[in-house]
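[1] I'd like to go over a predicted model; first the sequence, then the structure.
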Amino acid sequence: MTGREFFTARTVGEALVGFRPERRTAVEPVPLDGALGRVPAADVRADAPLPGFARSTVDGYAVRAADTYGASDGLPSYLDLAGAVRMGAAPTVTVTPGRCAAIPTGAVLPAGADAVVMVEYTAETMPGTVEVTRPVAPGSGVVQPDDDVAVGAVLVPAGRPLRAPDLGLLAAAGVTTVDVHARPRVAILSTGDEVVPSDTKELTVGQVRDATASALAGLIREAGGDPVYAGIVPDDEGALRSALTDALGAADLVVVSAGSSVGARDETAAAVSALGEVWCHGLALKPGKPTMLAECAGVPLIGLPGNPLSALVVFRLLGVPLVRRLAGCDRPPPAPRVRARLARDLPSAAGRLDVVQVTVTEDPDGTCRAEPLFGPSALLSVLARADGYLVVPEPATGLDAGTDVEVVLHA
Ligand SMILES: Nc1nc2c(c(=O)[nH]1)N[C@H]1C(S)=C(S)[C@@H](COP(=O)(O)OP(=O)(O)OC[C@H]3O[C@@H](n4cnc5c(N)ncnc54)[C@H](O)[C@@H]3O)O[C@H]1N2
Ligand code: MOO
């Protein structure tokens, strides 16, 4: 042990704002079917209005609104039935004063009509005569040709991951492929003489199966990236440098876990320093202090703490936004959150951000209770049991039981 301290420690806030590599993935066309969650590279605009024609929103009779003024149960308006509009076809009927046309929901409003009265407020008392018992205002029961989308309006914006309704809107507008950013390729490199592949059946004393890589791959996929397993590297600076060089050449982001603490095994820091510029080494964060952020020839690199729980906490806070940004996402969807009452006192040291895993239970009165899960960051099962996490900000020295807290829910 050398007693060295981290050399460029930062807060999480500084890292989120200040570590913003320029790199973005290439743009590729994808069919709508494969576009869910992908990020459009440019606004997609409508070249025609939607729905494109004045459309009835109810089953009833297309009328001239003025013909219904004053209509009531006691004093109905009587209109001559001029005909019917068929679904999916141009109307062959015109509505002149004193007349109406039967129309189903979704059909084209015939010429001369400016409203549709719902069938419930009518009766066909005699064949060819319709009794109307409610007045309708002009435009009632009708959507105008560009009510949904006007020509030139943005159908889906650049920079926001596509959601299911976006695919519907694009389909309605006849857009069947979208130019989106490629999924960022994220290389996952695990380090440590003791780390062995997760399919190792029998462990010798001191060995651990690689837990971090599989969990990281899950978070990377959730963030819209493509995980690439780059293997397990022993604690040897030469081997690590060579593995990092390969990974940097083939990925949009490299994530390397372990070996970045201040102990004897800080080969990662040495290897990364030799390959690029270290932006920060050490975060004011618990867990997750031994974190490194660097850029090597335009490729960002995150050095994660060895403890799997800490690695995942850091990746969730800093890696997920980075993967999204690499994919052109500058409008990330807000994480699902819930407000809850803290179930017990939470101690915390001032000057660092504490990320505390919690379970959330709903009390009979509908309010939520957040129960902190204590345990060393070496225990991955704590994370697996948690429903979400809360943060105790840097200046705070803890939170009292009963405090109203915001819990960010795990996916
Ligand atoms: N004197 C100090 N010692 C430590 C400090 C400190 O500030 N001063 N920080 C502690 C903290 S916090 C952490 S976190 C660890 C992180 O150290 P490293 O990033 O160098 O990681 P390692 O020592 O290599 O590993 C820690 C732990 O995690 C296990 N591990 C590593 N990789 C994997 C993997 N892929 N899958 C499963 N488990 C893994 C490893 O076997 C160790 O048990 O340093 C503390 N010490
Ligand atoms: O950062 Mo260590 O990552 O607190 O467990």
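    Done, it's in. Ligands and ions are numbered 1, 2, ... in the order given.
[2] Get me the contact residues on the stretch 101-250 of the chain for ligand 1.
    190, 192, 194, 195, 208, 210, 211, 212, 213 (Cβ under 6 Å from any ligand atom). Heads up, the C-betas are built off the backbone N, CA and C, glycines and all.
[3] and with 8 Å instead?
    The stretch 101-250 of the chain comes close to ligand 1 at residues 190-192, 194-195, 208-213, 232, 235, as judged by Cβ under 8 Å from any ligand atom.
[4] Return the residues in contact with the closest residue to residue 192 other than its chain neighbours.
    With Cβ to Cβ, 6 or more residues apart in numbering as the criterion, residue 192 has its nearest non-adjacent residue at 4.9 Å, and that residue is residue 258. Going by Cβ atoms under 8 Å, 6 or more residues apart in numbering, residue 258 touches 190, 191, 192, 195, 212, 265, 268, 304, 305, 306, 311.
[5] any idea where the strands of the stretch 201-350 of the chain begin and end?
    208-209, 226-233, 253-257, 277-281, 285-286, 292-296, 299-304, 337-342, 346-347 (DSSP state E, counting those that start in this stretch).
[6] Do me a favour and get the end-to-end distance for stretch 187-198?
    Terminal residues of stretch 187-198 are spaced 17 Å apart (Cα to Cα, to the nearest Å).
[7] Then stretch 81-96?
    With Cα to Cα as the measure, stretch 81-96 spans 10 Å from end to end.
[8] Check stretch 133-149 too.
    Stretch 133-149: ends 33 Å apart by Cα to Cα.
[9] Make residue 1 into 264 and carry on from there
    Okay, using 264 as the starting number, the last item reads as stretch 396-412.
[10] coming back round to it: how about the strands of the stretch 464-613 of the chain, which one is nearest residue 436?
    Comparing those against residue 436 with Cβ to Cβ, the closest turns out to be strand 489-496 (28.8 Å).
[11] Residue 390: neighbouring residues, count only.
    6 (other Cβ atoms under 10 Å).
[12] picking that back up, of the residues of the stretch 364-513 of the chain next to ligand 1, keep whichever come out buried.
    453, 454, 455, 457, 458, 472, 473, 474, 475, 476, 495, 498 (16 or more other Cβ atoms under 10 Å).
[13] Check the gap between the second one and residue 408 for me.
    Spelled out, it's residue 454. According to Cβ to Cβ, to the nearest Å, residue 454 stands 62 Å off from residue 408.
[14] same check, this time on the fifth one
    For residue 458, the distance to residue 408 under the criterion Cβ to Cβ works out to 63 Å.
[15] The last one too?
    Counting by Cβ to Cβ, the separation of residue 498 from residue 408 is 68 Å.
[16] what does the first one give?
    For residue 453, the distance to residue 408 equals 58 Å [Cβ to Cβ].
[17] that older thread, between the strands of the stretch 464-613 of the chain, which gets nearest to ligand 2?
    strand 548-549 (5.3 Å; Cβ to the nearest ligand atom).
[18] on contacts alone, who are the packing partners of that closest one?
    On a contact count with 3 or more Cβ pairs under 8 Å, 6 or more residues apart in numbering; DSSP states H and E, strand 548-549 meets strand 616-625.
[19] rerun that using 10 Å as the cut-off
    Here strand 548-549 is seen to pack against helix 571-577, strand 616-625 when contacts are counted using 3 or more Cβ pairs under 10 Å, 6 or more residues apart in numbering; DSSP states H and E.
[20] tilt between the last one and strand 600-605?
    Here the directions of strand 616-625 and strand 600-605 differ by 90 degrees (axes from the mean of the first three to the mean of the last three Cα atoms, to 10 degrees).
[21] that older thread, looking at the contacts of residue 521, which has the smallest pLDDT value?
    Among the contacts of residue 521, residue 528 carries the weakest pLDDT, at 51.
[22] Near residue 353, how many other residues are there?
    Neighbours around residue 353, by other Cβ under 10 Å: 10.
[23] if you skip the residues just before and after it, what's nearest to it?
    Nearest to residue 353 is residue 371, by Cβ to Cβ, 6+ apart, at 6.3 Å.
[24] Of all residues in the chain, which one is nearest the centre?
    For the chain, the residue nearest the mean C-alpha position is residue 596 (4.0 Å; Cα atoms, centre = their mean).
[25] Please report how far that residue lies from residue 627.
    Relative to residue 627, and taking Cβ to Cβ, residue 596 is found at 31 Å.
[26] Kindly report the residues of this structure close to ligand 2.
    Going by Cβ under 8 Å from any ligand atom, the residues of the chain near ligand 2 are 524, 548-554, 568-570, 572-574, 576-577, 639-641.
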